[in-house]
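Colleague: how would this look folded up:
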Amino acid sequence: MTPPAATPAPQALLLRVGQARFLLPLDHVERLYPMVHLPPGPPRVHLRGETLPVLDPRPDWGQPPAPPDASQRLVVVRTPDRAAWWVDEAGPILPVTPDHPAVLDGQVVSVLW
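Modeller: Predicted structure coming up:
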């Protein structure tokens with residue numbers, strides 16, 4: 001009898017906003033884009049025929065505001081609504097274990113399940 005195949009560990013995308021790093025499971029990530037020009041007013045972006053709100057997590061996480069920069073990324077996220085999260089850095093993809101803290105470079109990194 002063949003033993004059952006092992007279930008692969010879920011994977012998550014490492015993201016950085018200011019000094020905060022966190023992991024977002026890949027099943028929440030729809031697409032990754034380079035930063036685009038953001039018009040004045042409530043930040044919104046038109047991607048692939050749809051206008052999405054741009055969510056900047058900096059204020060909620062106690063990070064100082066930052067102007068848009070070409071080195072930043074927009075991550076289209078489904079949680080369950082679609083939105084573009086404005087992040088400073090994206091990658092790499094790492095394995096994660098549900099219900100366990102992720103440790104990276106000796107530091108606990110939050111996983112946003």
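
Colleague: share the number of residues neighbouring residue 33, please.
Modeller: 14 (other Cβ atoms under 10 Å). Every C-beta, even on glycine, is put in place using the N, C-alpha and C of the backbone.

Colleague: tell me the SS of it?
Modeller: strand (DSSP: H, G, I helix; E, B strand; the rest coil).

Colleague: check it and give its pLDDT.
Modeller: Each residue has a pLDDT score; the one for residue 33 is 93.

Colleague: which regions of this structure sit below the pLDDT cut-off?
Modeller: Applying pLDDT under 70 to the chain flags the ranges 1-6.

Colleague: ranges for the strands of it?
Modeller: Listed in chain order, the strands of the chain (DSSP state E) span 11-17, 20-25, 29-34, 44-47, 50-55, 73-78, 82-87, 89-95, 102-104, 107-111.

Colleague: tabulate those in CSV, adding columns for distance to residue 64.
Modeller: Below are the strands of the chain laid out as CSV (distance: least, Cβ to Cβ, whole Å):
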stretch, distance to residue 64
strand 11-17, 11
strand 20-25, 12
strand 29-34, 22
strand 44-47, 22
strand 50-55, 17
strand 73-78, 18
strand 82-87, 14
strand 89-95, 16
strand 102-104, 23
strand 107-111, 20
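
Colleague: looking at those, which is nearest to residue 62?
Modeller: Checking those against residue 62 by Cβ to Cβ gives strand 20-25 as the closest, at 8.3 Å.

Colleague: fine by me, we can end here.
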